[in-house]
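J.: Sharing a model prediction with you, sequence too.
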Amino acid sequence: SFVVYNSVNSEEVFRIWGNGSVNAKGIYAQQFKVKAQFGDYYWPDYVFNDDYVLMELSQLKSFINENQHLPNVPSKDEVAMEGVDLGEMTTVLLQKIEELTLYIIKQDEQIKELKNEMNILKEDQNIQK
C-alpha cells in the first residue's frame, strides 16, 4: 500500500491499497464523478413505466412510522455501520425524486377533478335557487 502522513504529527491521512481501495481524512475536489456499475442496481427510469406500482401514501406513512426512514433507503444505523455507496445512493435518491414527482402529478389530477366537481355542484346550486 501507499501511505501519506501528516508532516506535523505523523498521523496517517491517506492510504491506497493494492486492490484500489482508498482511505482519506477528507477529499476536496472541483468535480467528482461516480460511474455506476449497474450490477445490483440500475438507473430508476423504470419508475415511469406503466407497470410500476407506486406505494399508496397510507402504506408509505405506515412504513415511515414503523421504520423511521423511507423504503429502500438505509437507516441511520445501517449507514453508521456500513457507510454508503455514493453511486447506489444517488440512484436511490433519484428513484425517490421520481416517485415524489408521480405523487405530485397524481395529487394535481385529483385536485383538478375535485375543483371540477365543486364547480358542477356550485352551478347546480345556482340553478336551483
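T.: Sure, I can see it.
J.: hey, let's count contacts and neighbours off CA atoms from now on
T.: Noted.
J.: Pull the contacting residues for residue 84.
T.: By Cα atoms under 8 Å, 6 or more residues apart in numbering, the contact set of residue 84 is empty.
J.: Quickly note the distance from it to residue 24.
T.: 15 Å (Cα to Cα, to the nearest Å).
J.: Local confidence estimate at the residue nearest to the spatial centre of the chain?
T.: Central residue of the chain (Cα atoms, centre = their mean): residue 93, 1.8 Å from the mean position. Looking at residue 93, its pLDDT reads 94.
J.: is it fair to say it lies in a helix?
T.: Yes: counting by DSSP: H, G, I helix; E, B strand; the rest coil, residue 93 is found in a helix.
J.: any idea which element the residue lying closest to residue 71 once chain neighbours are set aside lies in?
T.: Excluding the flanking residues, the one nearest residue 71 by Cα to Cα, 6 or more residues apart in numbering is residue 63, at 7.2 Å. Element membership of residue 63, judged by DSSP states H and E, is helix 57-67.
J.: so who does residue 44 touch?
T.: Residue 44 makes contact with 91, 92, 94, 95 under the criterion Cα under 8 Å, 6+ apart.
J.: which one of those is nearest residue 111?
T.: Nearest to residue 111 among the contacts of residue 44 is residue 95, at 24.3 Å by Cα to Cα.
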